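Undergrad: Output the structure for:
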Amino acid sequence: MQPFKELSMGLFDKLFKRNKEQQEQKEALDEGLKKTKEGFLSKLTKAIAGKDKVDEEVLDELENALVSADVGVDTTVAIIDRIEKRVARDKYVGTSQLNQLLQEEIMGMLTEAPSNEFATFDVPAGKKPYVILVVGVNGVGKTTTIGKLANNFKRSGKDVLLGAADTFRAAAVDQLTIWSERVGVPIVKKEMGSDPSSVAFDTVASGMARGSDVIIIDTAGRLHNKAYLMDELGKIRRVISKKMPDAPHEVLLVLDGSTGQNAIEQAKHFTAATDVTAIAITKLDGTAKGGVVLAIANQFKIPVKYIGVGEKMEDLQIFNKTEFVDSLFSLEK
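TA: The predicted structure is shown next:
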């Protein structure tokens, strides 16, 4: 039996490591949202310059600031409506309070948005292997997201298997293979032009046989205006379910946050065409359009599960609403 001192030190080391990782992730989030925050807060400062209370003119400027951060018209209108009601209720709201007021109302809006109870790098009990089907157009960072997902699941102690079912694009299989080697997880693949649903079926069969915890399957970067590609996605789902009736357990839509409103349009088309259950928003670092996360979280009845805030493998983060709002609005950072 280990001495109490050794057990205590082991627990302390684990807690210290976890706290350090959480701090590093928050710093990465702060840095990733820096351009969005700087642009938004500069407009907010302009909106309240020379004013001592929140009036119609301030609200107009605030509306422009939100739209310019790609929060989207619908979500912006909803935020402004909440602010107006708050001002009317409280009778007098000074401009010095506006930053805090915004944080509270946007946090309230995000709290009302759908959440994913399994938004961790873990899998629900009783679902093994947990099958994730990843969809999205080319160029949004889909393959990179899969690699980073695989890395995070592996770091949490899970046995991960990748499936290269994007057999339409020449480099897709090669890119996913590189990620599998980099992360150190196996991959199921076939030659270019193979039937994608066949690859998906073999991946699930292989994962079941080897006792994998998580299976992540790539699909073609299908354009939302090409019906045959959407039909192919439906075929993949049907074939997978023949091998494992309740699979896929998650359909993850990857969107490029730097494209702003275009990401919202893609989300509209994909959610109309297939049963998307979770969303990952990538490339938030280096863009001033990070407000699109608020728009997507508010407009769609689908949880935003992951956000990408940098190039490192650890920079794919679980979307934490509280920390996101704090990073976006904290004036001192």
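Undergrad: Name the residues of stretch 307-315 that are buried.
TA: Residues of stretch 307-315 classed as buried by neighbour count (16 or more other CB atoms under 10 Å): 307-310, 313, 315. (C-beta placed from N, C-alpha, C; glycine too.)
Undergrad: Pick the one among those closest to residue 140.
TA: residue 308 (9.9 Å; CB to CB).
Undergrad: That closest one reaches residue 319, doesn't it?
TA: No. Counting by CB atoms under 8 Å, residue 308 does not reach residue 319; the two are 10.3 Å apart.
Undergrad: any common contacting residues for the two?
TA: residue 281 (CB atoms under 8 Å, 6 or more residues apart in numbering).
Undergrad: one step back: would you check which pair of the buried residues of stretch 307-315 lies furthest apart?
TA: Maximum distance among the buried residues of stretch 307-315 (CB to CB): 14.4 Å, for 307 and 313.
Undergrad: care to break the protein down by domain?
TA: In terms of domains, the chain is parsed into 34-112, 130-329 (source: automatic domain parsing).
Undergrad: Straight-line length of the shortest one, end to end?
TA: Domain 34-112 stretches 26 Å from its first residue to its last (CA to CA, to the nearest Å).
Undergrad: next one: that domain to chain centre, how far?
TA: Distance, stretch centre to chain centre, for domain 34-112: 24 Å (CA atoms, centre = their mean, to the nearest Å).
Undergrad: do the same with the last one
TA: Domain 130-329 has its C-alpha centroid displaced from the chain centroid by 10 Å (CA atoms, centre = their mean).
Undergrad: First-to-last residue distance for it?
TA: Chord length of domain 130-329, first to last residue, is 36 Å (CA to CA).
Undergrad: quick one: average pLDDT of that domain?
TA: Mean per-residue pLDDT for domain 130-329: 89.
Undergrad: For the stretch 201-333 of the chain, just list every one of the helices.
TA: Per DSSP state H, counting those that start in this stretch, the stretch 201-333 of the chain carries helices over the ranges 227-243, 261-273, 292-299, 321-329.
Undergrad: Find the one among those with the highest mean neighbour count.
TA: helix 292-299 (a mean of 24; mean count of other CB atoms under 10 Å).
Undergrad: So what touches that one?
TA: With CB under 8 Å, 6+ apart as the test, helix 292-299 has contacts from 70-72, 74-75, 78, 106, 109-110, 113, 255, 257, 260-261, 263-264, 267, 279, 281, 284, 303-304, 307, 319, 321, 324.
Undergrad: and that helix, C-alpha only, in CSV?
TA: In CSV, the C-alpha atoms belonging to helix 292-299 read as follows (Å, rounded to 0.1, in the frame of the first residue of the first chain):
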residue,chain,number,x,y,z
VAL,A,292,-19.8,34.2,-35.9
VAL,A,293,-19.6,31.7,-33.0
LEU,A,294,-22.3,33.7,-31.2
ALA,A,295,-24.4,33.7,-34.3
ILE,A,296,-24.1,30.0,-34.9
ALA,A,297,-24.7,29.1,-31.3
ASN,A,298,-27.8,31.3,-31.2
GLN,A,299,-29.4,30.5,-34.6
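Undergrad: returning to what we had before: narrow the contacts of helix 292-299 to those that are buried.
TA: 70-72, 75, 78, 106, 109-110, 113, 255, 257, 260, 263-264, 267, 279, 281, 284, 303-304, 307, 319, 321, 324.
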